[in-house]
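J.: Sequence plus predicted model, see below.
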Amino acid sequence: MIISIASGKGGTGKTLVATSLALSLSCDYKVQLIDCDVEEPNDHVFLKPEITGSKSVSILVPKVDEEKCTYCGRCAQVCAYNAIAVLDNRVLTFPQLCHGCGACSYLCPEKAITEESRETGVVEWGHSNGVGFAHGKLTVGEAMSPPVIREVKERANSGDVVIIDVAPGTSCPVVEAIKGSDYCILVTEPTPFGLSDLALAVETVRELDIPCGVVLNRAGVGDNKVEEYCREKNIPILLTIPLDTEIARLYSRGIALVDGIPQWKSSFIQIFDEIMEIVDEGNRSPKR
Amino acid sequence: MKEIVVLSGKGGTGKTSIVGSLAALAEDKVLADCDVDAADLHLLLSPSEKVRNEFWSGQVAHIDKGKCTECGLCQELCRFNAIEDFRVDAVSCEGCGFCFHICPVEAITMSERMAGYWFISDTKYGPLVHARLGVAQENSGKLVAVVRQQAKQIAEEQGLDYIISDGPPGIGCPVISSLSGAGLALLVTEPSLSGIHDLERVLGVCRHFGVPAMVCINKYDLNKENTRQIEDQCLSQGVEVAGRIPFDNVVTESIVQGVPVVEYSNGNVTREMERMWHSLR
């Protein structure tokens, strides 16, 4: 069972939901928390895991042997990302632009291009309070997070309950993280910003054919348009978390909600049961 | 002309509320919403759309079933696992064209993707350039580059003093695209351990690209101990704290009303925003 926690808008409480859900389920299930927000991972702030292993993430970038190169220009012609340029008697590569597709080296008629690894991030794993943990960190200054996300997801064990914390937004890092999930929890807040970005996130998960439900955080501020939207779109509101200074204070100090206020555990266990039911039902009935 | 980009690392720290307020406070500027994934600035500025353009970017592979001999070479060579059962998964395809070049029977074609829209709108605060990346699309960095380039062109044509842009969260591709070559980055953070952690990384990106940075601590009074820690960190790195904005529900209320907070309230938040604008300009 893979549940991803996404949001569209940043700062709505994904990390709060992901960490509390994982900790609440750890008594009854084998749980893994996989932090796929590799640009700004925060789950470790709350779980304080013991890190037991790590792995460098790299992509393959071209290395040109100018002894063999005839400056025919084929590599530059096939590169879709302008990551290689051929001048009269020089070849320039731009590793930051390279997606590591391998076309240039494969198609070089002189076999003058080999590939070398370039590190773009790191994956670390360990455990905390009975929860298996993994996160990825994109190297500062690097642009492409999907290769790091793909590598963190490799840490997921298919038999466990896997909770994936996702970056905000709706583009490639989000798609890469939620792809393959059985269910997606979208965390939002009751403001026009929260609603606008929720609608985009819903479009994204529906594009990927993943069922979704909403956690409404900081309820009590703003308006009730998110509830109206969910009713209209037939999206369940799984949980409402009120705007509460105690919850904000715990968050600011890096304490998971269910560690600070254990009464919340039952709510998160309930969410999980509800999701299990929805996913089971979806598996029984034919796909949309 | 000075380009100020508002970033944060961590999402939801208040970038858009601050840019909305700067929009109301600054004179002679063009506004740019560089958060093309989840743009919200338009919700504060009531824009009327003047120009709408399609954003075509990147490619996607397509296999012609009639020509395909199912040799499997494309599947074997694709590094993005985008081809399965001789079909291209458009979401996974990164448009590299490797399969197109190596298919022995030329069964694969590449086509451009319509990946979103960009707009130029009028607002009572000045022109706004914004965009909408298509759902589950790539190349947000390229769309950000288009938004910035359009904003710059408007600023040059109209002789404006400032480009003020609302950036995306994170530190990856669209952030780098929003930041590189800008005159100043205003980094908005909040006094939580997550906020502190994320600020450190986005400061690193600013240093990496040589863009001077200032920091704004939003909701600074929610945890004064953490605020002090942020101030100490900034001091030790020679980064100026340009603003300390108190927590106040008027910010959320102004968002619900769809106006910049400085036009909604005359309280402490507004006074602090005004003070901050003086240190930024």
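T.: Arrived safely. Please read these numbers as outputs of a predicted model, since none were measured by experiment.

J.: now the helices: where do they sit in the stretch 1-150 of chain A?
T.: A:14-25, A:43-47, A:74-78, A:103-107, A:146-153 (DSSP state H, counting those that start in this stretch).

J.: Go ahead and name everything in contact with the next helix-or-strand element following the last one.
T.: Next along the chain after helix A:146-153, taking DSSP states H and E as the criterion, comes strand A:161-165. For strand A:161-165, contacts defined as C-beta atoms under 8 Å, 6 or more residues apart in numbering or on different chains pick out A:1-5, A:14-15, A:18-19, A:21-22, A:25, A:29-37, A:41, A:43, A:153, A:156, A:177-178, A:181, A:272. C-beta here means a position set from N, CA and C on the backbone, and glycine is covered the same way.

J.: at 7 Å instead, please
T.: Residues from elsewhere that reach strand A:161-165 (C-beta atoms under 7 Å, 6 or more residues apart in numbering or on different chains): A:1-5, A:14-15, A:18, A:21-22, A:25, A:29-37, A:43, A:156, A:177, A:181.

J.: between the helices of the stretch 1-150 of chain A, which gets nearest to chain B?
T.: Smallest distance to chain B across the helices of the stretch 1-150 of chain A (C-beta to the nearest C-beta): 3.9 Å, for helix A:103-107.

J.: Just list what the closest one packs against, helices and strands only.
T.: helix A:74-78, strand A:113-128, helix B:98-102 (3 or more C-beta pairs under 7 Å, 6 or more residues apart in numbering or on different chains; DSSP states H and E).

J.: burial measure for residue B:111, as a count.
T.: Neighbourhood size, residue B:111 [other C-beta atoms under 10 Å in any protein chain shown]: 10.

J.: And it, how far from residue A:103?
T.: Applying C-beta to C-beta, to the nearest Å, the value for residue B:111 to residue A:103 is 18 Å.

J.: and if you look at residue B:209?
T.: Separation of residue B:209 from residue A:103 (C-beta to C-beta) stands at 29 Å.

J.: same thing with residue A:4?
T.: Using C-beta to C-beta, one gets 31 Å for the distance from residue A:4 to residue A:103.

J.: Against chain A - does stretch B:140-154 have any residue that ends up touching it?
T.: Yes - contact between stretch B:140-154 and chain A, assessed by C-beta under 7 Å from any C-beta of the partner chain, occurs at B:140, B:141.

J.: quick one: average pLDDT of that stretch?
T.: In this model, stretch B:140-154 carries a mean pLDDT of 96.

J.: Give me the contacts around that stretch.
T.: Against stretch B:140-154 from outside (C-beta under 7 Å, 6+ apart): A:143, A:171, B:30, B:32-34, B:36-37, B:55, B:57, B:116, B:118, B:120, B:127, B:129-131, B:133, B:163, B:165, B:173-174, B:176-178.

J.: Specify which residues of the stretch 101-250 of chain B, grouped into ranges, have pLDDT under the cut-off.
T.: For the stretch 101-250 of chain B, applying pLDDT under 70 flags no range at all.

J.: what does it have sitting close to chain A?
T.: Checking the stretch 101-250 of chain B against chain A by C-beta under 7 Å from any C-beta, the hits are B:101-102, B:133, B:135-138, B:140-141, B:168-173, B:176, B:191-194, B:197-198, B:201, B:204-205, B:208, B:222-223, B:226, B:249.

J.: Now which of those would you call buried?
T.: B:101-102, B:133, B:135-138, B:140-141, B:168-173, B:176, B:191-194, B:197-198, B:201, B:205, B:208, B:222-223, B:226 (16 or more other C-beta atoms under 10 Å in any protein chain shown).

J.: For residue B:267, list the residues it contacts.
T.: Shown in contact with residue B:267 (C-beta under 7 Å, 6+ apart): B:248, B:250.

J.: go on, residue A:13?
T.: Counting by C-beta under 7 Å, 6+ apart, residue A:13 has contacts A:187, A:217, A:241.

J.: what about the helices in chain B?
T.: B:15-25, B:42-45, B:73-77, B:98-102, B:140-158, B:173-179, B:193-208, B:224-236, B:250-257, B:268-280 (DSSP state H).

J.: ditto for the stretch 151-288 of chain A
T.: A:172-178, A:192-207, A:225-233, A:245-252, A:257-260, A:265-284.

J.: Mean neighbour count, those helices: which tops it?
T.: Sort the helices of the stretch 151-288 of chain A by mean neighbour count, taking mean count of other C-beta atoms under 10 Å in any protein chain shown, and helix A:172-178 sits at the top with a mean of 26.

J.: Do me a favour and average the pLDDT over that helix.
T.: Averaged across helix A:172-178, the pLDDT comes to 95.

J.: how long is stretch B:64-72 end to end?
T.: End-to-end distance for stretch B:64-72: 14 Å, by C-alpha to C-alpha, to the nearest Å.

J.: That should have said stretch A:215-235, apologies.
T.: Taking C-alpha to C-alpha as the criterion, the two ends of stretch A:215-235 lie 11 Å apart.

J.: That one near chain B anywhere?
T.: Yes - if you take C-beta under 7 Å from any C-beta as the test, stretch A:215-235 does meet chain B, through A:221, A:222, A:223.

J.: Now the closest residue to residue A:220 other than its chain neighbours, what are its backbone angles?
T.: Of all residues not flanking residue A:220 in the chain, residue A:243 sits nearest, at 4.5 Å (C-beta to C-beta, 6 or more residues apart in numbering or on different chains). Backbone geometry at residue A:243, expressed as degrees, to the nearest 10, gives phi -70, psi 120.

J.: If you tally nearby residues, what's the number for residue A:243?
T.: Using other C-beta under 10 Å: residue A:243 sits among 16 other residues.

J.: same check, this time on residue B:107
T.: 20.

J.: Name all residues that make contact with it.
T.: B:63, B:64, B:67, B:68.

J.: Let me have those in JSON lines, extended by neighbour count, distance to residue A:110 and pLDDT.
T.: Below are these laid out as JSON lines (neighbours: other C-beta atoms under 10 Å in any protein chain shown; distance: C-beta to C-beta, whole Å; pLDDT from 0 to 100):
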{"residue": "B:63", "neighbour count": "19", "distance to residue A:110": "29", "pLDDT": "98"}
{"residue": "B:64", "neighbour count": "12", "distance to residue A:110": "31", "pLDDT": "97"}
{"residue": "B:67", "neighbour count": "12", "distance to residue A:110": "30", "pLDDT": "97"}
{"residue": "B:68", "neighbour count": "16", "distance to residue A:110": "30", "pLDDT": "97"}
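
J.: and which of those residues is nearest to chain A?
T.: Closest approach to chain A among the contacts of residue B:107 (C-beta to the nearest C-beta): residue B:63, at 16.9 Å.

J.: Can you tell me how far that closest one is from residue A:25?
T.: Taken as C-beta to C-beta, the span from residue B:63 to residue A:25 is 42 Å.

J.: wait, the residue nearest to residue A:220 sits on residue A:222?
T.: No - in this structure, residue A:243 is not within contact of residue A:222 by C-beta atoms under 7 Å, at 9.0 Å.

J.: For residue A:188, give its distance to residue A:106.
T.: In terms of C-beta to C-beta, residue A:188 sits 45 Å off from residue A:106.

J.: Give the residue from these two that has the larger number of neighbours.
T.: More neighbours surround residue A:188 than the other of residue A:188 and residue A:106, with 29 against 16 (other C-beta under 10 Å).
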